[in-house]
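Colleague: Coordinates for the following, if possible.
(2 chains)
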Amino acid sequence: MPDGNWALASLRKLFTSGYYARTLWFTFWQAAVSTVLTLVLALPGAYVVSHYQFPGKKLLQAFATVPFVLPTVVVATAFQALLGSRGMINVLLQKLFGFSEGPLQINHSVLLVLLAHVFFNYTVILRIVGGFWARLDPSIAEAARVLGASSVRVFFKVTLPLLKPAILASTLLVFIFCFSSFGVILILGGPRLATIEVEIYRQAVHLFNLPMAAALSLIQIVFILLMMWVYTALQRKQVVTLGPAAGSGVQVPVRSLKDRLWVGGNVMLIMLLVGTPLFGLVLRSFLSETGLSLVFYKALFENTVQSIFYVPPLEAVLYSCGFALVTLLFSVVIGLLAAQFLSLSKGRLSALFDPIFMLPLSTSAVTLGFGFIIALDRPPLNLRTSLILVPLAHTLVAFPFVVRSVLPALRSIPQSLKESASLLGASPFRVWWAVELPIIGRSLIVGAVFAFTISLGEFGATVFVARPQTPTMPLAIYRFLGQPGAMNYGQAMAMSSLLMLVTASGFLLLEKLRVEGQGEF
Amino acid sequence: MSILDVNNLAKVIESDLVLQNINLTLQDSEILCLLGPSGCGKTTLLRLICGLETPDSGNILYEGRDIKPVDPHLRNFGMMFQEFALFPHKNVFENVVFGLRVKNWQESEIRKRAEAVLALVGLTELSQRNVNELSGGERQRVALARSLAPQPRLLLLDEPMGSLDRVLRERLLTDLQRILKQIRITTIFVTHDHNEAFAIADRIAVFNAGQIEQIDRPQDLYKKPANRFVASFLGFQNLISGTVSAAGGIETPLGIAHLQQSVPEAGKKVTLLIRPEAAHLYDLSTTTVPGELLVTAQIKDIRFQGTEYRLSVRTESGECLVVNLPNDIQAPEAGQQVRLGLKESAMSVIEA
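Modeller: Take a look at the predicted model:
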């Protein structure tokens, strides 16, 4: 801020005005409730995936992860498609019982927001707790059993305390995600619900109250950094307690009735929770007044000018792909350089820069976007109107993922391998080209696909930095949703479905490429 | 009276028959060793006995009653796991008293019992220590104390020495022996090391591929292994094929051995086991020694092992033998021709 008093003044207003206190409070409680709900629903699932072996388990886990990689805009749209006032359920009820309008009116309600958050984050707890649970030495629980503890007692006295670091870490992560939730609240929450993140956006874009937006951003950053700090501390602890000797539990096939109920119940839950909104979205995108048709998809590619703001949807698709490609290129180059630097620098230097490279991950997207327009709007770097701003912002969000996937691979290359190559006569560049690059190649591709899909789906930062004439797909979806009429609504559904198709296939490609146990996510 | 009876037990895991035809009885305060290579089903048998697995057929009786319906936490058996399975979130004391806490012992009784078992295993000073900071030997003793604390009716030890280095293993083995003798607890001890089994067991059951090959006292097992598998698992290397002659001798490429023990009927193919302590060194001019089989052999390798020399030799007939000689002899050199006498009292006939 150019003037410190400004920020102080708005900070004071933050705490004296009831509105901002309510926003803060809402941000907190919706995040807390979403987190608890997610934990309660996902913990049984974590038990099932860590203890049972059943056909289709890998597929189910990948399926449960799809929501997490979907753009928030798509998730929000999917819930609209299912439960909104014009959603599938309402359309169905209208058709069946002849209601004049949808009887289910939970649009713009907290319930829808909470549901979307559970849908989004279910897999975080499933993956982290399930993975940790599977590596717990089963003989520890068995030892407790033989010593005389009933199975309920074993769970509460032994298993739960042992799972604690994983449960805490994953719930904290979910809490952070919900705390800084943007797209979901903006689309599903309606005008009356706002988290700090949404408020930053409104203050900056709608009310042009930049000092207030900055003050809110600061509060947000402080909270999130605090939680990230706790999170990394917990993650370190997780490593300590398990130690290198951590075994792998035995996964048993489904046999008894009890097994079947456990596995069946959780598979059903995942299908219901993840499947129905996605199915609803796709179905809704094909459902016009006259029944199933491709009319919305066709409209996306037709150049019918309706207003002066109008940008043909096809252009949004092209902009998105273009931005994503540039982001991919930037992220790979910067990410590779950063990873090389981290792997070569020893001790303090690497310990210092490692978290710094991670910083964009822990700051929220809206804050990043906001920071971009404040920082880059005056000479010598006046990029506000430049097309390059969007991929730059996306790169900032995406390159940490490249670093995270490449670094473990780089570190796994033994020094002797490079040394023997250079003793055999290879120049430093040749060593890198012929030895290092092929070894990290797979991880690099993983990072690149990550960067591409992140760029495609990015919403929070894009909403700040993109020019009205150059919208991306998520922005176009958001605009469609904000305009009246079945045609716009249908086009939002159609474009969300397309975006989902691209990101989900990107993710499935990642799952195939990912070397088991390598890379950090 | 027998404490534990295992009858015709069988267990299938993922369509693999990991145990079959298991029959065992265990007397009060007896120490039984299950000896066998890894993956032969020893651990599975322990898990069946303590109730962590259920048998697919057969039954297990404790004091004459079938324990199938009894949940593992109500059986009051103690089990020490292979990697000890200490609770990483509890300190030494809390680990040891876990079994007492879940059985709702009085706090004062808990303290008393904990002090007693910690003293028994010699860990009194470490009671407040975090278990992640303990050495391997200390962890092993915590695990033992934890399984002994609730005064189990039966103690099951799954490779308790498995993850320790050799020197530590020998010392702790002596400790374990002392403790088990002191509290006179009925014990089943799983190991793949025959030296451990010999050191601790009253009886040994040798396992192979899910079946029991032989159950015997250690000395009987050593003198008369039931078959080639048992013999080679006990570390015997000199197993020579032969046939029973009409006169009751054993015809082998080394010559005819006349054994004191009873032999199968004439014409049967057998294996002659020559234990390494059978050998004596003689002058090349010696032709007969009563009770010994004389062979001429070339020394391939000779190694001083402290208490004895260990020789690898090839006999004139082409058999390779490994034998021990006392450490006070004038040691021959590799390549030298020697005459060895093999005491017939140190040989056994086993099934082919």
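Colleague: Relative to its centre, which residue of chain B is most distant?
Modeller: Within chain B, residue B:285 marks the point farthest from the mean C-alpha position, 42.0 Å out by Cα atoms, centre = their mean.
Colleague: Tell me if that one really is in a helix.
Modeller: No - for residue B:285, which was evaluated using DSSP: H, G, I helix; E, B strand; the rest coil, the result is coil, with no helix membership.
Colleague: Just the pLDDT at it, thanks.
Modeller: pLDDT recorded at residue B:285 is 86.
Colleague: gap between it and residue B:313?
Modeller: 19 Å (Cβ to Cβ, to the nearest Å). C-beta coordinates here come from the backbone N, C-alpha and C atoms, glycine included.
Colleague: With residue A:267 instead?
Modeller: From residue A:267 to residue B:313 the distance is 67 Å (Cβ to Cβ).
Colleague: Number of residues surrounding residue 228?
Modeller: Defaulting to chain A. 19 (other Cβ atoms under 10 Å in any protein chain shown).
Colleague: Sorry, I should have been clearer: chain B.
Modeller: 17.
Colleague: Next, the contact list for it, please.
Modeller: Applying Cβ atoms under 8 Å, 6 or more residues apart in numbering or on different chains, we find residue B:228 in contact with B:239, B:271, B:350-352.
Colleague: mind running it again at 7 Å?
Modeller: B:239, B:271, B:350 (Cβ atoms under 7 Å, 6 or more residues apart in numbering or on different chains).
Colleague: That one and residue B:348, how far apart?
Modeller: 12 Å.
Colleague: Ok, residue B:227 next?
Modeller: To residue B:348, residue B:227 is 11 Å away according to Cβ to Cβ.
Colleague: before we move on, what about residue B:215?
Modeller: From residue B:215 to residue B:348 the distance is 17 Å (Cβ to Cβ).
Colleague: now for the one helix or strand residue B:241 maps to, which elements pack on it?
Modeller: Residue B:241 is located in strand B:239-244, with elements delineated by DSSP states H and E. Packing partners of strand B:239-244 (3 or more Cβ pairs under 7 Å, 6 or more residues apart in numbering or on different chains; DSSP states H and E): helix B:228-233, strand B:250-252, strand B:269-274.
Colleague: Which one of the residues in the stretch 1-150 of chain B is closest to chain A?
Modeller: In the stretch 1-150 of chain B, the residue found nearest to chain A is residue B:99; the distance is 3.5 Å by Cβ to the nearest Cβ.
Colleague: and that residue, what does it touch?
Modeller: Here residue B:99 is in contact with A:147-148, B:146, B:149-150 (Cβ under 7 Å, 6+ apart).
Colleague: Find the pair from those with maximum spatial separation.
Modeller: Farthest pair in the contacts of residue B:99 (Cβ to Cβ) is A:148 and B:146. Separation: 11.5 Å.
Colleague: and these two? which has more neighbours close in?
Modeller: Ranked by neighbour count (other Cβ under 10 Å), residue A:148 and residue B:146 place residue B:146 first, with 30 against 24.
Colleague: Let me see the contact set for the more buried one.
Modeller: By Cβ under 7 Å, 6+ apart, the contact set of residue B:146 is B:95-96, B:98-99.
Colleague: among those residues, who's most crowded?
Modeller: residue B:96 leads those on contacts (other Cβ under 10 Å) with 29 neighbours.
Colleague: For that residue, I want the exact helix or strand it lies within.
Modeller: helix B:92-102.
Colleague: Now, the contacts of residue B:99 that are in strands?
Modeller: Among the contacts of residue B:99, DSSP state E puts none in strands.
Colleague: If any of the contacts of residue B:228 are buried, put those into a PyMOL selection.
Modeller: To isolate the buried ones among these in PyMOL, judged by 16 or more other Cβ atoms under 10 Å in any protein chain shown, type:
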select buried, chain B and resi 271+350
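Colleague: Rebuild the contacts of residue B:228 as JSON lines, extending it with pLDDT.
Modeller: As requested, these are exported to JSON lines (pLDDT from 0 to 100):
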{"residue": "B:239", "pLDDT": "92"}
{"residue": "B:271", "pLDDT": "91"}
{"residue": "B:350", "pLDDT": "88"}
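Colleague: OK, contacts around residue A:224?
Modeller: Neighbouring residues of residue A:224 by Cβ under 7 Å, 6+ apart: A:176, A:180, A:362-364.
Colleague: okay, who's weakest in those by pLDDT?
Modeller: Ranked by pLDDT, the contacts of residue A:224 bottom out at residue A:362, which has 64.
Colleague: chain center to stretch B:54-64: distance?
Modeller: 24 Å (Cα atoms, centre = their mean, to the nearest Å).
Colleague: other SSEs contacting the lowest-mean-pLDDT helix or strand in chain B?
Modeller: Lowest by mean pLDDT, DSSP states H and E among the helices and strands of chain B is helix B:166-183, with a mean of 85. Applying 3+ Cβ pairs under 7 Å, 6+ apart, we find helix B:166-183 packed against helix B:136-148, helix B:194-200.
Colleague: hmm, back to that, what does the strand holding residue B:241 rub up against?
Modeller: By Cβ under 7 Å, 6+ apart, the residues outside strand B:239-244 that reach it are B:228, B:231-232, B:250-254, B:263-274, B:319, B:352.
Colleague: Now, of these, which are buried?
Modeller: B:228, B:231, B:250-252, B:254, B:263, B:270-274, B:319.
Colleague: Low-confidence ranges, the stretch 1-150 of chain A, go.
Modeller: A:1-16, A:99-108 (pLDDT under 70).
Colleague: Figure out how far stretch A:251-266 is from the centre of its chain.
Modeller: Relative to the chain's own centre, stretch A:251-266 is displaced by 30 Å; criterion: Cα atoms, centre = their mean.
Colleague: May I have that stretch as CSV, with CA atoms only?
Modeller: These are the backbone C-alpha positions of stretch A:251-266, laid out as CSV (Å, rounded to 0.1, in the frame of the first residue of the first chain):
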residue,chain,number,x,y,z
GLN,A,251,-5.6,-55.7,2.1
VAL,A,252,-8.1,-58.5,2.2
PRO,A,253,-10.7,-59.4,-0.4
VAL,A,254,-14.4,-58.8,0.5
ARG,A,255,-15.8,-61.9,2.1
SER,A,256,-18.2,-61.6,4.9
LEU,A,257,-21.6,-59.8,5.0
LYS,A,258,-19.9,-57.1,7.2
ASP,A,259,-17.2,-56.6,4.5
ARG,A,260,-19.9,-56.3,1.8
LEU,A,261,-21.8,-53.7,3.8
TRP,A,262,-18.7,-51.6,4.4
VAL,A,263,-17.4,-51.7,0.8
GLY,A,264,-20.9,-51.5,-0.8
GLY,A,265,-22.0,-48.6,1.4
ASN,A,266,-18.9,-46.6,0.6
